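[1] Sequence and computational prediction follow.
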Amino acid sequence: MRSFGAVAVCVVALASFGCATRDAVGKATGENAAQTRLTEKDLEQLMQKIGPTYQALQKDVQGNQTDNVAKTAQQLGDLFGGVEKFWTQHNRADAVKFAQQARAYASETAGAAAAGDAAKASAAAGNIGGACKQCHGTYRESDGQGGYRIKPGVLQ
C-alpha cells in the first residue's frame, strides 16, 4: 500500500509538470509563455478561426440570439488576445492597438448581449469589423491565390 501511494504521488507530480495551459493559438501559457514566440503561421491560424467566428457572431446578432452572441463574442476576445500577443512580439504598436480595440469591442459585445441589450451588442459587434479592416488594410495583401498574407517587410 505504501508503494502505491508513492507511485500515485509521482504520477500526479509528473502529470502536473507536463501539463500547461494553452492560449487561443494552442501555445503554452504561464511561466513558459514568455519564451513562446508566435509565428506568421500562428497568426494565420488565428485568422482562420476569427473569420468564421465573426461571421457566426454577425448571424447571431441579426437573429437576436443574445446568449450565442455573448458566448461567441467572448471567444473572439480570446482570439484577439492571441493577435495582440503576435503583434506585440513583432513590435507593431499600431497593430497591437487594432487588436486591443477589437478585443475591447468583443468584450463590450459580450457584456451587452449578456445584459440583454441587443442594440448595444449589435453596435459593438460592428465596431469589431472596423478594427479588423484597419489592421488588414495596413498589414495584409493578396497572395495571388485567393488568400492573404502579411505584407513583406512588416515582421521584425
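    Yep, it's here. Numbering: from 1, shown residues only.
[2] Got the domain ranges for the protein?
    Using automatic domain parsing, the domain ranges for the chain come out as 1-36, 38-150.
[3] And the helix or strand hosting residue 81, what's buried?
    Assigned by DSSP states H and E, residue 81 belongs to helix 66-89. Across helix 66-89, burial judged by 16 or more other Cβ atoms under 10 Å covers 66, 68-77, 79-87, 89. Placement of C-beta: from N, CA and C, glycine included.
[4] What does the pLDDT read for residue 146?
    Looking at residue 146, its pLDDT stands at 87.
[5] now do residue 7
    36.
[6] where among the domains of the chain is the average confidence lowest?
    domain 1-36 (a mean of 46).
[7] returning to what we had before: could you single out the most deeply buried of the domains of the chain?
    domain 38-150 (a mean of 18; mean count of other Cβ atoms under 10 Å).
[8] where along this structure do the strands fall?
    140-142, 148-150 (DSSP state E).
[9] residues in contact with the last one?
    This means strand 148-150. The contact list for strand 148-150 (Cβ atoms under 8 Å, 6 or more residues apart in numbering) reads 40, 43, 47, 136, 139-143.
[10] cutoff 10 Å now
    Residues outside strand 148-150 that contact it (Cβ atoms under 10 Å, 6 or more residues apart in numbering): 40, 43-44, 47, 86, 90, 95, 136, 139-143.
[11] quick one: strands adjacent to it?
    According to DSSP bridges, strand 148-150 has the following sheet partners: strand 140-142 (antiparallel).
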